[in-house]
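Peer 1: next input, structure requested:
(one chain, ligands or ions: 1)
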Amino acid sequence: ESGEALWMRYLKLPSDLQSLYIPYAQVYFEEGSSTIEVAKQELAQAFVGLTGVDIKFQKKPFKCSLLIGKNVNQFWNIPDIEKNLKKCANEGFVIRSVKRNGVRRIIVTANTDAGILYGTFALIRLMQTGCPLDSLNIIERPKYKFRLLNHWDNLDGTVERGYAGRSIWWNRKETLDALKHQYLTYARANASIGINGTVLNNVNANPKVLDQEYIEKFARFADLLRPYNIKVFMSINFSSPVIIGGLPSSDPLREDVQQWWNQKVKEIYEAIPDFGGFLVKANSEGQPGPQDYGRSHADGANMLARALEPYGGIVMWRAFVYSPSGDDRAKQAYDEFVPLDGQFRDNVIIQVKNGPIDFQPREPFSPLFGAMEKTPLMIEFQITQEYLGFSDHLVYLAPLQKECLDSDTYVKNEGSTVAIVTNGTLFKHQYSAIAGVANIGRDINWTGHHFAQANWYAFGRLAWNHNLKPEDIAREWIKMTFTHDSVFVESVLDIMMRSREAVVNYMTPMGLHHLMGWDHHYGPAPWTDIEGARPDWLPRYYHNASEEGIGFNRSKSGSNAVSQYAEPLCSMFNNPKTCPQNLLLWFHHLPWDYRLSSGLTLWQELCYHYYRGVDEVKLMQKKWDRLRGRIDDERFEHVQHKLKVQVREAKWWRDACVLYFQTFSKMPIPYELERPEHDLDELMNLKFDMKNHN
Ligand code: BDP
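Peer 2: Predicted coordinates for the structure are as follows:
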């Protein structure tokens with residue numbers, strides 16, 4: 001049990017479930033494209049694994065109990081299936097149980113082969129999770145058009161912020177044939193959760209990716225992924241015309257530059273007819289961009305969009321921009337992009353991180369969501385745990401993502417959630433997209449921590465349907481990945497559902513953020529002072545702790561970031577009395593003895609949060625320890641070891657932050673709490689062992 005099979009283990013189900021499913025072994029699976037073929041194979045593999053019985057694929061539908069295909073309803077003519085198919089659009093599906101001539105049957109149908117693929121995986125999931133199949137009436141379609149993974153993989157095989165080994169895509173010694181199994185597992189996993197696109201290289205893009213050699217490599221990956229309805233996308237470097245094209249400039253308004261891109265795009269589409277498009281990080285953290293030539297983000301994005309348009313490709317242009325000389329970092333993306341609303345071509349989508357800073361354990365949603373009515377905005381989450389303990393800490397991210405997607409922006413009355421801003425329905429955009437920065441590497445279990453697999457899984461499920469509940473997604477994943485044993489399922493569910501708030505509490509409670517070591521972003525380092533470093537990369541910029549108090553004043557008397565939010569949020573955030581306590585120090589700088597509604601002072605409350613974070617992880621550890629014997633020892637012990645590390649490091653976090661902030665508050669740690677285990681000096685000198693983390 002290495003974890004290699006992810007949630008597609010297809011081990012034998014308990015016998016009562018097997019007998020529920022075995023009657024469906026007579027299958028009519030309409031012939032078709034390679035997509036249909038892979039769906040059919042998957043069903044065969046899953047069915048025999050789960051039930052021990054081989055599927056009998058039949059040429060004629062009439063005796064079959066399971067019918068799958070675009071046209072299978074012609075045999076039954078169930079009128080509401082035709083009606084429901086209209087709701088399914090391109091990638092949705094219908095699964096329907098019917099009883100005819102005394103025989104129970106299931107119909108899986110869709111408008112496209114992709115829909116059949118997703119419908120088949122949905123049926124497999126129902127079996128994997130032990131659902132009865134005799135009264136199904138499922139109509140689904142994905143909420144977002146593009147559901148993407150962003151791999152931050154470099155061509156030399158390293159992975160930026162990757163904690164599960166080297167890149168699965170680049171700089172590999174093995175032949176493609178030798179790696180085929182791995183790539184197909186990747187493709188199946190993504191298809192099973194509805195991911196339909198993948199960016200194969202880092203946003204900090206090496207211009208070489210546009211050389212013929214790499215275009216050919218992309219084409220080979222595209223060929224492997226195509227049957228699984230996954231398109232490939234590429235991150236590009238804005239200066240490519242100069243660096244690899246030999247032009248004197250990359251100015252987007254120059255004709256020779258435009259011609260260069262047109263030609264490149266043509267070459268790409270010759271190799272990859274269904275290429276998805278470009279992802280661009282420009283004028284961000286030192287990357288080149290149109291502003292180098294006095295042009296705007298819109299000028300840059302539109303040039304690329306024009307080149308891609310004839311082929312149906314899109315540009316995902318990132319809004320992750322901030323400069324050390326500017327105003328409050330949290331405001332800069334909004335200030336730069338909102339004035340450009342209406343200037344982007346139709347096939348440009350602006351990619352915005354979930355929060356205004358950078359993938360912190362908790363941030364408010366980015367105020368850009370809802371602020372650009374004429375431009376489609378896509379949301380970017382980070383699945384890799386750059387700021388959440390890498391692949392060492394068990395943190396289930398669906399609650400974080402859900403919190404953001406469900407946040408009400410109030411831009412068009414109540415209910416204008418981030419989800420409906422970004423899924424295209426609020427402002428009626430043709431394109432909608434959602435991206436997750438992948439946590440995948442060459443580690444045998446794919447993600448370093450077995451539980452980090454759940455974050456890949458849950459991201460895909462939420463991208464398909466953001467109305468799903470994190471606990472339901474977790475329950476599915478646990479059953480598929482581990483066991484149906486209800487004691488195990490319920491205990492692990494409890495562990496997972498606690499984990500996000502736990503990490504917020506032991507790292508950055510009450511709206512604190514960016515207290516991590518300034519380069520590695522792993523352990524606590526709120527004290528960091530590095531000569532010459534960008535101030536906005538250092539924790540002090542964010543916590544502003546002094547004898548007067550702590551927090552970032554983003555209220556109207558401070559940076560006024562609150563005004564980037566619509567009412568009533570602006571007023572609510574602006575007032576420390578109404579600001580949600582979990583974002584208090586995000587928006588306010590408050591004195592240590594500030595009284596909270598609990599009656600405690602800010603200092604006391606902060607201490608309690610840090611201690612609670614550690615207590616929660618200890619509880620997670622205890623709950624896990626009781627589960628020995630309910631799953632294989634291999635994965636049990638691996639997780640057990642990781643939890644031990646997490647408890648140790650949660651204490652580091654707690655002690656480091658409490659002791660460091662105490663040097664300013666000069667107040668005692670509430671006496672009923674145990675004393676810190678470590679000294680501040682010791683923690684300040686601790687060198688995090690980074691070699692295990694890359
Ligand atoms: C930050 C990472 C950095 C990325 C950057 C980005 O620290 O490595 O390049 O985001 O998203 O979170 O471009």
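Peer 1: ranges for the strands of the chain?
Peer 2: 26-29, 56-57, 66-68, 93-100, 103-109, 137-140, 146-150, 197-199, 231-236, 277-280, 314-318, 348-353, 377-382, 433-437 (DSSP state E).
Peer 1: got the domain boundaries for this protein?
Peer 2: Per automatic domain parsing, the structural domains of the chain span 15-140, 146-473, 504-552+589-693.
Peer 1: now, of those domains, which is deepest in the fold?
Peer 2: Ranked by mean neighbour count under mean count of other C-beta atoms under 10 Å, the domains of the chain are led by domain 146-473, which reaches a mean of 21. For glycine as for every other residue, the C-beta is placed from the backbone atoms N, C-alpha and C.
Peer 1: for stretch 667-674, list the C-alpha coordinates in PDB.
Peer 2: This file holds the C-alpha atoms of stretch 667-674, laid out as PDB (Å, rounded to 0.1, in the frame of the first residue of the first chain):
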ATOM      1  CA  MET A 667       2.200  40.500  29.400                       C
ATOM      2  CA  PRO A 668       2.100  37.100  31.000                       C
ATOM      3  CA  ILE A 669       0.900  34.000  29.100                       C
ATOM      4  CA  PRO A 670      -2.400  33.200  30.800                       C
ATOM      5  CA  TYR A 671      -1.500  31.200  33.900                       C
ATOM      6  CA  GLU A 672      -3.700  28.200  33.200                       C
ATOM      7  CA  LEU A 673      -1.900  27.500  30.000                       C
ATOM      8  CA  GLU A 674       1.200  25.300  30.200                       C
END
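Peer 1: wait, what's in contact with the residue in the stretch 501-650 of the chain that the ligand sits nearest to?
Peer 2: Per C-beta to the nearest ligand atom, His521 is where the stretch 501-650 of the chain lies closest to the ligand, at 6.4 Å. Residues near His521 by C-beta atoms under 8 Å, 6 or more residues apart in numbering: Arg161, Glu386, Tyr387.
Peer 1: just put the domains of the chain in JSON lines and tack on mean pLDDT.
Peer 2: JSON lines is the format used below for the domains of the chain (pLDDT from 0 to 100):
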{"stretch": "domain 15-140", "mean pLDDT": "96"}
{"stretch": "domain 146-473", "mean pLDDT": "98"}
{"stretch": "domain 504-552+589-693", "mean pLDDT": "94"}
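Peer 1: would you reformat those as TSV and include distance to Asp494?
Peer 2: TSV is the format used below for those (distance: least, C-beta to C-beta, whole Å):
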stretch	distance to Asp494
domain 15-140	18
domain 146-473	10
domain 504-552+589-693	6
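Peer 1: and the gap between the nearest residue to Ser391 once chain neighbours are set aside and Cys570?
Peer 2: The spatial neighbour of Ser391 that comes closest, neighbours along the chain excluded (C-beta to C-beta, 6 or more residues apart in numbering), is Gly448 at 2.7 Å. Gly448 sits 40 Å away from Cys570, taking C-beta to C-beta, to the nearest Å as the criterion.
Peer 1: most distant residue from the middle of the protein?
Peer 2: Distance from the C-alpha centroid of the chain peaks at Asn101, with 46.3 Å (C-alpha atoms, centre = their mean).
Peer 1: the contacts of His521: which ones sit near the ligand?
Peer 2: Among the contacts of His521, the residues lying close to the ligand (C-beta under 6 Å from any ligand atom) are Arg161, Glu386.
Peer 1: can you redo the contacts of His521 as TSV with distance to Gly424?
Peer 2: TSV is the format used below for these (distance: C-beta to C-beta, whole Å):
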residue	distance to Gly424
Arg161	29
Glu386	28
Tyr387	29
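Peer 1: who in the stretch 351-500 of the chain is up against the ligand?
Peer 2: Asp358, Phe359, Glu386.
Peer 1: could you redo the last one with a cut-off of 8 Å?
Peer 2: Lys353, Asp358, Phe359, Glu380, Gln382, Glu386, Tyr387, Val437 (C-beta under 8 Å from any ligand atom).
Peer 1: swap in the stretch 151-300 of the chain?
Peer 2: So far as C-beta under 8 Å from any ligand atom goes, the stretch 151-300 of the chain lies against the ligand at Trp152, Glu160, Arg161, Asn202, Val203, Asn204, Lys281, Ser284, Glu285.
Peer 1: farthest pair within those?
Peer 2: Arg161 and Ser284 (15.1 Å; C-beta to C-beta).
Peer 1: so what's Leu405 up against?
Peer 2: Leu405 neighbours (C-beta under 8 Å, 6+ apart): Ile379, Thr417, Val418, Ala419, Thr422, Leu462, His466.
Peer 1: ok, the residue lying closest to it once chain neighbours are set aside to Ile473 distance?
Peer 2: Of all residues not flanking Leu405 in the chain, Ala419 sits nearest, at 4.1 Å (C-beta to C-beta, 6+ apart). For Ala419, the distance to Ile473 equals 15 Å [C-beta to C-beta].
Peer 1: what does Val395 give?
Peer 2: 15 Å.
Peer 1: repeat that for Ile444.
Peer 2: From Ile444 to Ile473 the distance is 24 Å (C-beta to C-beta).
Peer 1: helices of the stretch 1-150 of the chain, start to end?
Peer 2: Ranges of helices in the stretch 1-150 of the chain, per DSSP state H, counting those that start in this stretch, are 15-21, 34-51, 79-86, 113-128.
Peer 1: of those helices, which is nearest the ligand?
Peer 2: helix 113-128 (29.3 Å).
Peer 1: against which helices or strands is the closest one packed?
Peer 2: Judged by 3 or more C-beta pairs under 8 Å, 6 or more residues apart in numbering; DSSP states H and E, the packing partners of helix 113-128 are helix 34-51, strand 66-68, strand 93-100, strand 103-109, strand 137-140, helix 176-193, helix 470-481.
Peer 1: and the residue nearest the centre of the chain, bridged to which residues?
Peer 2: Closest to where the C-alpha atoms of the chain average out (C-alpha atoms, centre = their mean) is Gly436, at 3.1 Å. Beta bridges link Gly436 to Leu149, Phe381, judged by DSSP bridges.
Peer 1: quick one: contacts for it?
Peer 2: Gly436 touches Leu148, Leu149, Asn150, Glu380, Phe381, Gln382, Ile383, Trp456, Phe459, Gly460, Ala463, counting by C-beta under 8 Å, 6+ apart.
Peer 1: closest to the ligand among these?
Peer 2: Gln382 (7.0 Å).
Peer 1: who's in contact with Cys570?
Peer 2: Val562, Ser563.
Peer 1: and the gap between it and Pro248?
Peer 2: 47 Å.
Peer 1: then Pro591?
Peer 2: Distance from Pro591 to Pro248, by C-beta to C-beta: 57 Å.
Peer 1: try Ala333
Peer 2: In terms of C-beta to C-beta, Ala333 sits 31 Å off from Pro248.
Peer 1: check Thr384 too.
Peer 2: 38 Å.
Peer 1: look up phi and psi at the spatially closest residue to Gln646 that is not a sequence neighbour.
Peer 2: Of all residues not flanking Gln646 in the chain, His393 sits nearest, at 4.7 Å (C-beta to C-beta, 6+ apart). Backbone geometry at His393, expressed as degrees, to the nearest 10, gives phi -100, psi 140.
Peer 1: show me the contacts for His393.
Peer 2: Gln385, His449, Val503, Lys642, Val645, Gln646, Glu649 are the contacts of His393 under C-beta under 8 Å, 6+ apart.
Peer 1: output those in JSON lines; the columns should cover distance to Ile495.
Peer 2: Below are the contacts of His393 laid out as JSON lines (distance: C-beta to C-beta, whole Å):
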{"residue": "Gln385", "distance to Ile495": "16"}
{"residue": "His449", "distance to Ile495": "13"}
{"residue": "Val503", "distance to Ile495": "13"}
{"residue": "Lys642", "distance to Ile495": "12"}
{"residue": "Val645", "distance to Ile495": "15"}
{"residue": "Gln646", "distance to Ile495": "11"}
{"residue": "Glu649", "distance to Ile495": "17"}
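Peer 1: what about stretch 572-587, how long is it end to end?
Peer 2: Start-to-end span of stretch 572-587 (C-alpha to C-alpha, to the nearest Å) is 10 Å.
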